[in-house]
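J.: Here's a sequence, model it:
(chains A and B)
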Amino acid sequence: GAGVSQTPSNKVTEKGKYVELRCDPISGHTALYWYRQSLGQGPEFLIYFQGTGAADDSGLPNDRFFAVRPEGSVSTLKIQRTERGDSAVYLCASSSQPTGASRAFFGQGTRLTVV
Amino acid sequence: AQKITQTQPGMFVQEKEAVTLDCTYDTSDPSYGLFWYKQPSSGEMIFLIYQGSYDQQNATEGRYSLNFQKARKSANLVISASQLGDSAMYFCAMRGGNTGGFKTIFGAGTRLFVKA
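T.: Numbering: from 1, shown residues only, chains lettered A, B, ... in the order given. Below you'll find the model as predicted:
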């Protein structure tokens, strides 16, 4: 696609529910990143995929968070038993390769609100 | 561990003046990349400029330049001839090499206000 696409753009869910956030990266980009951004803060690294595998998941806050990228393109971030503290904008980014001057292209984000 | 520090929560600049946004970093990787992004109130992340750790010259992109001081581990962004549209959040970011796992991490950001 022309850019990184994230769906839904907004999600309101009740505390304790399960949510899935989807990211469609730019076609051909092998590196995919998930970040969480709270109001007034910088993006907080969650997980990085190189191809189908999670190369670095050290930023996932706990085992309620999980992400997959089964075919090396679309990725889904899954949050179980959501808590009010999970409310944030979840950003996805992709890059053509994980090194050099290859910069990350960001999606518009999914604003998650847990009530 | 990798770390990015932006010590200026907010900065004011007069329109048409230049402004410097500070960024310091810490990494044990000999090879790394430094980026600056702009995030206006719309929320999109706009790439501004890139500096590689082995680049001999400071990066420039139009009105943006990066003052890279490797020994000091600083990568300050200089915006010349500020415009009202430059008002936004600015984030410094670093992508590490083998040790850092190639992930990109961000600083807390600096909010820039351009005054008419």
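
J.: could you point out which element follows the worst-scoring helix or strand of chain B on mean pLDDT?
T.: Sorting the helices and strands of chain B by mean pLDDT, DSSP states H and E puts strand B:104-106 at the bottom, at a mean of 89. Next helix or strand after strand B:104-106 toward the C-terminus (DSSP states H and E): strand B:110-115.

J.: And the contacts of that following strand?
T.: Contact partners of strand B:110-115, identified using C-beta atoms under 8 Å, 6 or more residues apart in numbering or on different chains, comprise B:6, B:8-15, B:19, B:21-22, B:79, B:82-90. C-beta: built from backbone N, CA, C; applies to glycine.

J.: right, and residue B:72 touches residue B:24 too?
T.: Yes: using C-beta atoms under 8 Å as the test, residue B:72 is close enough to residue B:24 to be in contact (7.5 Å).

J.: So these two - more neighbours on which side?
T.: Between residue B:72 and residue B:24, counting by other C-beta atoms under 10 Å in any protein chain shown, residue B:24 is the more crowded of the two (17 against 10).

J.: which residues does that one bridge with?
T.: For residue B:24, the beta-bridge partners are residue B:5, residue B:74 (DSSP bridges).

J.: ok, back up a step: can you tell if the least confident helix or strand of chain B touches chain A?
T.: Yes: contact of strand B:104-106 with chain A (C-beta under 8 Å from any C-beta of the partner chain) involves B:104, B:105, B:106.

J.: residues in contact with the second one?
T.: Right, residue B:105. Here residue B:105 is in contact with A:45, B:2, B:3, B:4, B:93, B:94, B:95, B:96 (C-beta under 8 Å, 6+ apart).

J.: Show the backbone phi and psi for the second one.
T.: Right, residue B:2. As for residue B:2, its main-chain torsions (degrees, to the nearest 10) stand at phi -90, psi 150.

J.: Please tell me how far it sits from chain A.
T.: 10 Å (C-beta to the nearest C-beta, to the nearest Å).

J.: Burial check on that residue, number of neighbours?
T.: So residue B:2, with other C-beta under 10 Å, has 20 neighbours.

J.: ok, now the fifth one?
T.: Using other C-beta under 10 Å, residue B:93 has 25 neighbouring residues.

J.: what do you get for the third one?
T.: Using other C-beta under 10 Å, the number of residues around residue B:3 comes to 12.

J.: Check residue B:60 too.
T.: 12.

J.: Would you map the strands across chain B?
T.: Taking DSSP state E to define them, one finds strands in chain B at B:3-5, B:10-14, B:19-21, B:24-26, B:33-39, B:46-52, B:60-61, B:64-69, B:74-79, B:88-95, B:104-106, B:110-115.

J.: Show the contacting residues for residue 24.
T.: Since you didn't name a chain, this refers to chain A. So residue A:24 contacts A:1, A:4, A:5, A:6, A:7, A:73, A:74 (C-beta under 8 Å, 6+ apart).

J.: wait, I meant chain B there
T.: Counting by C-beta under 8 Å, 6+ apart, the residues that residue B:24 touches are B:4, B:5, B:7, B:72, B:73, B:74, B:75.
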